[in-house]
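Undergrad: build me a structure from this.
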Amino acid sequence: MFCRKCGQQFDNSLSFCPACHEPAANVTVSNSVSDVTPQFVQQPPVYAQPGAFYQPPIPQAKKSFFKSLNIKKIAIIAIPIILLLIVIVSILGGEVTIADYYDDLVSLEQYGGYMSAETYEFISNNEYLFPHYGGRENLSSITDWTITVDDIFKNVAKYDTSIVFADGEVVEIVESEDGTSTYIHIAVGNEFKHLVGVYLKDMPGIYEGDRIMVYFLPIDVVRFDNIGGGTTVAIYAAFCYYDDNFSGGI
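TA: Numbers count the residues shown, from 1 in each chain. Here you go, the predicted model:
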């Protein structure tokens, strides 16, 4: 076929000239809008299934993140995070002390505790005690043997710059994955007197149910939900030293 306008030859199957776009002689082009008939496709109506009804979603009560975790799980999560933050701040040039570490821990939501300025200064000036590697004999001279756990519960602020001794049964013990710290919960004397806190090292050979002696600095008296649904009142401590060998006395 030849184009009737430009004379270009093209295939008979084409409707337009590929050179000048002139319609082929056998094609009729209409510019009238009325010549275009809209096509509608009728869709079948949609009916609800018999007995079907809409049920709105039931709102779920929000559960506190910390209440959904027990103290052991919280320790596993919190301790490495705080250590990581300390490392990051140190890399960025900030001065972070062990006192900052304990201050962050006792202030966590599940404890709601507080570190006094005097306690902060004491830890900062005596970081070698947390932990102490010199043995319990070297701690005797700086331990106040007159202070009891009952004294601390009565007025923790009076003793928050003193190293204290106690012994009891390990209720919970959780080491961080990298072994740089250990959360420990000790029942002292009876089930109503508790010590909780962190020892900044691993504690090999110590397990739940073991009886140990500890040297510690009391930071605050805290309260937290226990797994029995009640509330545990405990002394939050920065642990200096521990021993499970009672053969040599205290």
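Undergrad: show me where this structure has its strands.
TA: For the chain, strands defined by DSSP state E occupy the ranges 164-175, 182-187, 194-199, 211-225, 231-243.
Undergrad: out of the ones you listed, which gets nearest to residue 20?
TA: When those are compared by C-beta to C-beta, strand 164-175 sits nearest residue 20, at 85.3 Å. No exception for glycine: its C-beta is placed from N, CA and C like everyone else's.
Undergrad: need the contact partners of that closest one.
TA: Residues outside strand 164-175 that contact it (C-beta atoms under 8 Å, 6 or more residues apart in numbering) are 71-72, 75-76, 143-145, 147, 149, 152, 181-189, 193-195, 202-203, 206-218, 246, 250.
Undergrad: pLDDT-wise, which helix or strand of this protein ranks last?
TA: helix 71-91 (a mean of 61; mean pLDDT, DSSP states H and E).
Undergrad: hey, what's residue 221 bridged with?
TA: Judged by DSSP bridges, the bridge partners of residue 221 are residue 235.
Undergrad: show me the contacts for it.
TA: Going by C-beta under 8 Å, 6+ apart, residue 221 touches 113, 152-153, 156, 233-236.
Undergrad: can you redo the strands of the chain as CSV with mean pLDDT?
TA: CSV is the format used below for the strands of the chain (pLDDT from 0 to 100):
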stretch, mean pLDDT
strand 164-175, 94
strand 182-187, 94
strand 194-199, 94
strand 211-225, 94
strand 231-243, 93
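Undergrad: residue 134 is nearest to which of these?
TA: Evaluated with C-beta to C-beta, the strands of the chain place strand 231-243 nearest to residue 134, the distance being 8.4 Å.
Undergrad: tell me the angle the closest one makes with strand 211-225.
TA: 150 degrees (axes from the mean of the first three to the mean of the last three C-alpha atoms, to 10 degrees).
Undergrad: any buried residues in strand 231-243, and which?
TA: Buried residues in strand 231-243, defined by neighbour count with 16 or more other C-beta atoms under 10 Å: 232, 234-242.
Undergrad: now it - C-alpha only, CSV.
TA: The C-alpha coordinates for strand 231-243 follow below in CSV (Å, rounded to 0.1, in the frame of the first residue of the first chain):
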residue,chain,number,x,y,z
THR,A,231,6.3,-6.2,96.9
THR,A,232,9.9,-6.8,98.0
VAL,A,233,11.7,-4.2,100.1
ALA,A,234,15.5,-4.4,99.7
ILE,A,235,18.7,-2.5,100.2
TYR,A,236,20.2,-1.6,96.9
ALA,A,237,23.9,-2.2,97.2
ALA,A,238,27.2,-1.7,95.4
PHE,A,239,29.0,-5.0,96.2
CYS,A,240,32.7,-4.9,97.0
TYR,A,241,33.6,-8.4,97.8
TYR,A,242,32.1,-11.8,98.4
ASP,A,243,33.1,-15.2,99.7
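Undergrad: heads up, I number from 59, so please use that
TA: Sounds good: first residue 59 from here, last item strand 289-301.
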